[in-house]
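K.L.:
starting from these lines, generate the structure:
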Amino acid sequence: MDRTDWESAGAYDHLRALDAPGFAWEFLTRNQKFQRDYNGLQRAAEHGKRDRGAEDCFALRWGVRFRRRCPETRAGRCALDTAGAAELATLMSLPPGLADPKLAVPPPRPEDKTDRDHIIKTAGAVLRVHTLDELAGDEAGVLLPLDRLFEFRVTAAVRLWRGLSGRKPGPNPAALPTTRRDRFVLVLRALDARMTGVTYRDVAAGLFGPQAVPDRAWKTHDLRDRVIRLVRFGVSMREGGYRQLLLYPIRRKP
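P.N.:
Numbers count the residues shown, from 1 in each chain. Presented below is the predicted three-dimensional model:
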């Protein structure tokens, strides 16, 4: 998506289907420092100089794992470190014969075989899983730590079990209400506009129409304050607030 198209609401329509981790990724990719660090790792990898230590520091700083490709977004070569996300099922190995072979976890695609995060598409749903170790598809169990995300992890595990059983997994716990998605889209448009040097007044006209912008008293108008709040919220999400979306629907800080 060309972010200079921020005036076009239609250019952002595809974002309205994102869940909380999806919006987290959108905010993070607008962070120029993140892009700089990522591009440095990518250039090193392309020249056969992959530095595991630098990648670990990158993951710690941004909450992102460097990898070959990112099937969630089809753009870039890294993925959000969602191992602690509320909508993620964490898989572990089981002793042979304990698991039901009829509910085998599909193997990762060859290009994703070295990654711990995988996407499983089943019964019309997209499920995220994180593996703790290499496991055979028919020997997988779900890890359920007794932490404050326990009930959400149980929901993620049940959704995975239903999907592997050929049933509809049910609602995604990381799905956002329509009003929240609409607000995030508006925030992203305002943020993109400001990142290209657009004035607050022009941002207001692009988002809400020229007729909404007063000819006079702009500096004291409520619309100006609203646009500034949208941009400031976008900046806060870009600079680290995106991590909170990985814990959605829990609102407390980690």
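K.L.:
then the longest helix along the chain to CSV, C-alphas only?
P.N.:
Counting residues, the longest helix in the chain under DSSP state H turns out to be helix 178-195. This file holds the C-alpha atoms of helix 178-195, laid out as CSV (Å, rounded to 0.1, in the frame of the first residue of the first chain):
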residue,chain,number,x,y,z
THR,A,178,-15.7,-2.7,14.3
THR,A,179,-15.5,0.7,16.1
ARG,A,180,-12.0,-0.1,17.3
ARG,A,181,-10.9,-1.2,13.8
ASP,A,182,-12.4,1.9,12.2
ARG,A,183,-10.5,4.1,14.7
PHE,A,184,-7.2,2.4,14.1
VAL,A,185,-7.6,2.9,10.4
LEU,A,186,-8.3,6.6,10.9
VAL,A,187,-5.3,6.8,13.2
LEU,A,188,-3.1,5.1,10.6
ARG,A,189,-4.3,7.5,7.9
ALA,A,190,-3.6,10.5,10.1
LEU,A,191,-0.2,9.1,11.0
ASP,A,192,0.7,8.4,7.4
ALA,A,193,-0.3,12.0,6.4
ARG,A,194,1.9,13.6,9.1
MET,A,195,4.8,11.3,8.2
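K.L.:
surely Leu247 touches Leu149?
P.N.:
Yes. Using C-beta atoms under 8 Å, Leu247 is in contact with Leu149, at 7.4 Å. C-beta here means a position set from N, CA and C on the backbone, and glycine is covered the same way.
K.L.:
tell me where the stretch 1-150 of the chain has helices.
P.N.:
Applying DSSP state H, counting those that start in this stretch to the stretch 1-150 of the chain gives helices spanning 20-28, 32-46, 52-62, 150-164.
K.L.:
weakest of those helices in terms of mean pLDDT?
P.N.:
Among the helices of the stretch 1-150 of the chain, helix 52-62 carries the lowest mean pLDDT, at a mean of 84.
K.L.:
quick check: buried residues in it?
P.N.:
Within helix 52-62, the residues scored as buried using 16 or more other C-beta atoms under 10 Å are Glu55, Phe58, Trp62.
K.L.:
identify the residues contacting the residue lying closest to the last one once chain neighbours are set aside.
P.N.:
So that's Trp62. Closest residue in space to Trp62, ignoring its immediate chain neighbours: Phe34 at 5.5 Å, by C-beta to C-beta, 6 or more residues apart in numbering. Counting by C-beta atoms under 8 Å, 6 or more residues apart in numbering, Phe34 touches Leu28, Trp62, Val64.
K.L.:
fine, thanks again, bye for now.
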